[in-house]
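Undergrad: Got a predicted structure plus its sequence, pasted below:
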Amino acid sequence: AQKVTQAQTEISVVEKEDVTLDCVYETRDTTYYLFWYKQPPSGELVFLIRRNSFDEQNEISGRYSWNFQKSTSSFNFTITASQVVDSAVYFCALSEVGGKLIFGQGTELSVKP
Amino acid sequence: DTGVSQDPRHKITKRGQNVTFRCDPISEHNRLYWYRQTLGQGPEFLTYFQNEAQLEKSRLLSDRFSAERPKGSFSTLEIQRTEQGDSAMYLCASSLGGARETQYFGPGTRLLVL
């Protein structure tokens, strides 16, 4: 069965600290896609990144970076020099063959000034 | 570019009443998804459409739930005889093209059943 696990329920950091959000997934598909979404207090899910299973290159976008390791079925997300505006719930998701997303339970990140 | 919109944003209803939510996807997006999110959980898939065809329904979607997407544009999700357990955020997402394309989400409709 497809499954996404985000073991960290809540993380609290002080502004400017680096923080890594963990995501572990299970799938029997040989081709699959992984996603990260941000959900600020307003509630709308904001797309951050999409990665396919054949591309294991790490990706960096500004202060955000993603580490995809197929060998450990992990797709971790790091925020460098965190800011208060990064406070939100972050979801990792796995795309099934039909297209529906399987989400993890989310990690609530609190960045304190 | 206009994003996904949902209406209403909030709905309070009494148990036993029917409610209907609307989702307008990003124009030209042919796939439309409905998810439900309860407090402290990740969104859970309910159903999706490819154009006007409803291609998959989750077991979460009981007989009291029905979704439509006439003409392949906007979609409606109706819940009949609401129960307190239906209280949740109902999220709509749309995507362009195939199954693995990025889904863009609307702001959601928060339902409270009293």
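TA: Perfect, thanks for sending it. Nothing here was measured: the structure is a model prediction, and the numbers come from that model.
Undergrad: how about low-confidence regions in chain B?
TA: Confidence mapping of chain B against pLDDT under 70 gives the ranges B:1.
Undergrad: how about the residues of it near chain A?
TA: When proximity is defined as Cβ under 8 Å from any Cβ of the partner chain, chain B approaches chain A at B:31, B:33, B:35, B:40-45, B:48, B:55-56, B:58, B:89, B:91, B:93, B:95, B:98-108, B:110. In this view, the C-beta of every residue, glycine as well, is placed from N, C-alpha and C.
Undergrad: Quick check: phi and psi at the residue most central in space within chain B.
TA: Averaging the C-alpha coordinates of chain B gives a centre point, and the residue nearest to it by Cα atoms, centre = their mean is B:W34 (3.4 Å). Comment: the main-chain dihedrals of B:W34 come out as phi -120, psi 140, following degrees, to the nearest 10.
Undergrad: Please name the bridge partners of it.
TA: Note on B:W34: beta-bridge partners B:T47, B:C92, judged by DSSP bridges.
Undergrad: Can I have the buried ones of the residues of chain B next to chain A as a ChimeraX selection?
TA: Burial among the residues of chain B next to chain A is assessed by 16 or more other Cβ atoms under 10 Å in any protein chain shown; the matching ChimeraX selection reads:
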select /B:31,33,35,42,43,44,45,48,56,58,89,91,93,95,99,100,101,102,103,104,105,106,107,108,110
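Undergrad: hey, what's B:T76 bridged with?
TA: Counting by DSSP bridges, B:T76 forms beta bridges with B:R22, B:E68.
Undergrad: Show the contacting residues for it.
TA: With Cβ atoms under 8 Å, 6 or more residues apart in numbering or on different chains as the criterion, the residues that contact B:T76 are B:20-23, B:67-69.
Undergrad: Repeat that for A:L109.
TA: With contacts taken as Cβ under 8 Å, 6+ apart, A:L109 has the following neighbours: A:10-13, A:19, A:21, A:79, A:82, A:86-90.
Undergrad: try A:D18
TA: A:78-82.
Undergrad: Show me just the buried residues among these.
TA: In terms of neighbour count (16+ other Cβ under 10 Å), the buried residues within the contacts of A:D18 are A:78-79, A:82.
Undergrad: and of those residues, the nearest to chain B?
TA: Top of the list for closeness to chain B, among the buried ones among the contacts of A:D18 and by Cβ to the nearest Cβ, is A:I79 at 19.3 Å.
Undergrad: for chain A, what helix or strand is lowest in average pLDDT?
TA: The weakest-scoring helix or strand in chain A, judged by mean pLDDT, DSSP states H and E, is strand A:59-61 (a mean of 87).
Undergrad: and that one, which strands flank it?
TA: As assigned by DSSP bridges, strand A:59-61 forms pairs with strand A:64-69 (antiparallel).
Undergrad: So which residues make contact with the strand it pairs with?
TA: Looking at strand A:64-69 with Cβ under 8 Å, 6+ apart, the contacting residues turn out to be A:34, A:36, A:48-49, A:51, A:55-60, A:74-80.
Undergrad: Got a ChimeraX select line for the buried ones in those?
TA: In ChimeraX syntax, the buried subset of the contacts of strand A:64-69 is picked out as below (16+ other Cβ under 10 Å):
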select /A:34,36,48,49,51,74,75,76,77,78,79
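Undergrad: Before I go, just wanted to say thanks for your time.
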